[in-house]
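Attaching a predicted model along with its sequence, questions to come.
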Amino acid sequence: MSTTQKSGITPGSVLLYGSLFVLALFFLMPAYMAIVTALKDPANISLPTAWEWPDEINWASFPQAFGLLKSNIASSLVLTVCATALSTVLGSLNGYVFSKWKFKGSELIFTLFLFGMFIPYQVILIPLFQTLRAMNLYGGLPGLILAHVVYGLPITSLIFRNFYSQIPTALVESARLDGAGFFSIYTKIVFPLSIPGFVVTSLWQVTQIWNEFLWGICLTRHEDNPITVGLAQLAGGQAVSWNLPMAGSIMAAFPVLMIYIFLGRYFIRGLLAGSVKE
Amino acid sequence: MKEASRDRLKAFLTLLPSIILVAVFVYGFIGNTIWISMTDWGGTGSMALEPQKNFIGLENYVDLFNGFLSAGFRQDLVNAVYYSVMLLAGAIGLGMFIAILLDQKPKGEDVLRTIFLYPMSLSFIVSGTIWRWLLAPQGGVNVLPTYFGFDALDFQWTSSTKAILEFNWQNILQILIYIAAFILIMVGLFVLKDDPQKAVKRWLGPGVVVGAFAWLGGSLLPQALFMEEMHGFNLATLGIIIATVWQYAGYTMALYLAGFNGISQDLRDAAMLDGASNTDYYRHVAIPMLKPITISAVIILSHISLKMFDIIFAMTGPDNAQTGHPALNMYMTTFRANDFARGAAIAIVLFLVAGTFIVPYVIGQYKQRRRG
């Protein structure tokens, strides 16, 4: 119980709840606007009445937007699932080595890994583009998956390394005395304890990969564009009727919002792990 | 013993593919981009399989900073500075404020936390699309006051052409020296209380000298350009800043809230017993204790503001020069104009700016771990 908590209405509590109420309205404003516009008939969308709830709800925007974004959603699904699976498995193995099998120079290698987390994507974009072209991977999903796996390695290795540091070294040591080797320690002891680590890391990767845009637009061709690129094209045209981009936005936001609302605890842990705090 | 060394080899081999990937895809590619930025790779033949590339040294960089046609890049650079400062101030200030409010344990704290953090889970494209609609000139935010009986606003959120705080790019060198002097003096004043001698010798003295030099010798400094070129804070960028702060304030809130929860209740009670008010507690106890969190937030947010590309692309489209950013300019130059060498040079400028605060941070982390 906080010592500041008092019962009844005080000027302090009025101020507290008042500020929170105004702030909450500000944060919810875009969500309300997206929903209300998506539910309107395009003929009834006008700027001065943008805030008003529609007299008659028009659900048609959603199937219509889905039709336009179908192939983008499909490629985003394939991309996100494949890249997340690969990068978490690799990250888990790396984290295992970094935390339980330190060797000379592994701290330095880890630090060099960490830098990879902070480079602006622009700085590797041109060679990446060229390399994918040379490998015949440009334009399709495999190239994009490769990019996400490689540039996801620093963060996934970091999260797993921090996670495995919590597993007592004594546990690993005693297994080693019993004759267990590198891989059997991983499969019998470390991996079974990793489920929460996998949840945190994959949720983090899913959000990052689903939301990524720059590589999507630079490295894939039209039919393989991920959802962010599809949405940008849908909303970018001149004289757009705004119900479709808003319905598209809701669809593009839906999977990550569900993760956030139902698995928020893990989502926030990934978020905090991303700040490299130890 | 033999077993152990074999396991160690297995550990190294497990790491090897990742080491190679990071070596090539991070360090190799950075090197390659530096090399490309020093060539003249561009133009019509740039997409050929064996494009022609000639080494031209730093010409691309010189051109970006004082070439006749690169005024757009310079405006983008100025924008990037304003974006970073405003995002840092806005997201950290607002995030800390919300964290303090939620730390009072109001009713419905869980729901409120969810509301403040959900923008963080969205992509920049989604939030940019929605904010673009919210900031439409005759709708959205501008008509909100009419619901309270006021007149509608007529602010041109993302299309205004007005600029404030303008300065002449000719004098950029002098301005940079002034900024350096200002930072030295500020650091000096900050250190003054703890170590007056070091403060004067290391910070205040050099700061005053450098500042005086820029003031007195200003006319001797070379000018960056032959003609006047004004750059400033474009009001069109305000909408983008609001949207970015909206998206990231929740993130800093989560960081600070985790930090506040980590402070023991005893410490708080002790402060209260000593007669500290709630404000005193946060000002003198809690916030100073969370300095590492503030540093993390600064690093992460600066990093985000440096790659601010998607949200501008979604909000003002790729062609609005007023709201540009080097990250967007890099994309346009490379993939729309096929000028790979110039694009690479812009990328390296971004990289150097990012490096100036990220390298000391990561090295600090590394040293800390070796000690600890």
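Thanks, I have it.

what residue ranges in chain B are flagged as low confidence?
Within chain B, the segments meeting pLDDT under 70 span B:1-3, B:44, B:49, B:369-372.

Report the helix or strand with the lowest average pLDDT across chain A.
Taking all helices and strands of chain A together, the one with the lowest average confidence (mean pLDDT, DSSP states H and E) is helix A:264-273, at a mean of 82.

what residues does the stretch 201-350 of chain B put near chain A?
Among all residues of the stretch 201-350 of chain B, those adjacent to chain A (criterion: C-beta under 8 Å from any C-beta of the partner chain) are B:246, B:250-251, B:254-255, B:258, B:268-269, B:272, B:278, B:292-293, B:296-297, B:299-300, B:303, B:306-307, B:309-310, B:313-314, B:317, B:327, B:330-331, B:334-335, B:340, B:343-344, B:346-348, B:350. C-betas here are computed from N, CA, C, even on glycine.

Just the buried ones out of those, please.
Neighbour-count burial (16 or more other C-beta atoms under 10 Å in any protein chain shown) is assigned, among those, to B:246, B:250-251, B:254-255, B:258, B:268, B:272, B:278, B:293, B:296-297, B:299-300, B:303, B:306-307, B:309-310, B:313-314, B:327, B:330-331, B:334-335, B:340, B:343-344, B:346-348, B:350.

Which of the residues you listed fall in helices?
Secondary structure assignment by DSSP state H places B:246, B:250-251, B:254-255, B:258, B:268, B:272, B:278, B:293, B:296-297, B:299-300, B:303, B:306, B:310, B:313-314, B:327, B:330-331, B:340, B:343-344, B:346-348, B:350 of those in helices.

Quick check, the residue in the stretch 51-200 of chain A closest to chain B?
Here the stretch 51-200 of chain A gets closest to chain B at one residue, A:W101, 3.6 Å apart by C-beta to the nearest C-beta.

List phi and psi for that residue.
In terms of degrees, to the nearest 10, the main-chain angles of A:W101 are phi -130, psi 50.

again, but for the one 10 residues further on
Dihedral pair for A:T111: phi -60, psi -40, per degrees, to the nearest 10.

can you tell me the helix or strand for the residue nearest to it when sequence neighbours are not counted?
Nearest-residue entry for A:T111: B:Y366, 4.2 Å, with adjacent residues in sequence omitted and distances by C-beta to C-beta, 6 or more residues apart in numbering or on different chains. Assigned by DSSP states H and E, B:Y366 belongs to helix B:340-371.

ok now that helix, how far from the chain's centre?
On the basis of C-alpha atoms, centre = their mean, to the nearest Å, helix B:340-371 is displaced by 12 Å from the centre of the chain it belongs to.

Same check on stretch A:179-188?
Using C-alpha atoms, centre = their mean, the offset of stretch A:179-188 from its chain centre is 32 Å.

Over to stretch A:214-222?
18 Å.

Mind checking the pLDDT average for that stretch?
Regarding stretch A:214-222, the rounded mean pLDDT is 92.

List the buried residues of it.
Result for stretch A:214-222 [16+ other C-beta under 10 Å]: buried residues A:L214, A:W215, A:G216, A:I217, A:C218, A:L219, A:T220.

just the residues you listed that are near chain B?
A:L214, A:I217, A:C218.

so what's the second one closest to, chain neighbours aside?
Residue nearest to A:I217 in three dimensions, not counting chain neighbours: A:V229, with 5.0 Å by C-beta to C-beta, 6+ apart.

Who are the packing partners of the helix or strand where that neighbour lies?
A:V229 belongs to helix A:227-236 when elements are defined using DSSP H and E. The helices and strands touching helix A:227-236, judged by 3 or more C-beta pairs under 8 Å, 6 or more residues apart in numbering or on different chains; DSSP states H and E, are helix A:61-100, helix A:214-219, helix A:243-262, helix B:124-134, helix B:310-316.

Quick check: mean pLDDT of that helix?
Within the predicted structure, the mean pLDDT of helix A:227-236 is 91.

and the angle from it to helix A:243-262?
Between the axes of helix A:227-236 and helix A:243-262, defined by axes from the mean of the first three to the mean of the last three C-alpha atoms, to 10 degrees, the angle is 150 degrees.

residues from the stretch 51-200 of chain B in reach of chain A?
In this structure, the stretch 51-200 of chain B approaches chain A at residues B:98, B:101-102, B:104-106, B:112, B:114-127, B:129-134, B:136-140, B:143-144, B:146-147, B:152, judged by C-beta under 8 Å from any C-beta.

which of those count as buried?
B:98, B:101-102, B:104, B:112, B:115-127, B:129-134, B:136-137, B:139-140, B:143-144, B:152.

quick one, what contacts residue 244?
No chain specified, so I'll use chain A. Listed by C-beta atoms under 8 Å, 6 or more residues apart in numbering or on different chains, the contact set of A:L244 reads A:P42, A:S61, A:Q64, A:A65, A:L68, A:L234.

hm, I was asking about chain B
For B:T244, the contacting residues are B:Y83, B:L87, B:G90, B:A91, B:I304, B:S305, B:M308, B:I311, taking C-beta under 8 Å, 6+ apart as the criterion.

how about the strands of chain B, start to end?
For chain B, applying DSSP state E gives strands covering B:163-168, B:230-234.

In this structure A:V200 contacts A:R269, no?
Yes. A:V200 sits in contact with A:R269 when judged by C-beta atoms under 8 Å, with a separation of 4.9 Å.

what about the helices in the stretch 151-300 of chain B?
Secondary structure of the stretch 151-300 of chain B, counting by DSSP state H, counting those that start in this stretch: helices at B:172-191, B:196-198, B:205-216, B:238-262, B:265-273, B:278-280, B:287-289, B:291-306.

The residue in the stretch 151-278 of chain A positioned nearest to chain B: neighbouring residues, count only.
When you check the stretch 151-278 of chain A against chain B by C-beta to the nearest C-beta, the closest residue turns out to be A:N211, at 3.3 Å. Other residues lying near A:N211 total 24 when counted by other C-beta atoms under 10 Å in any protein chain shown.
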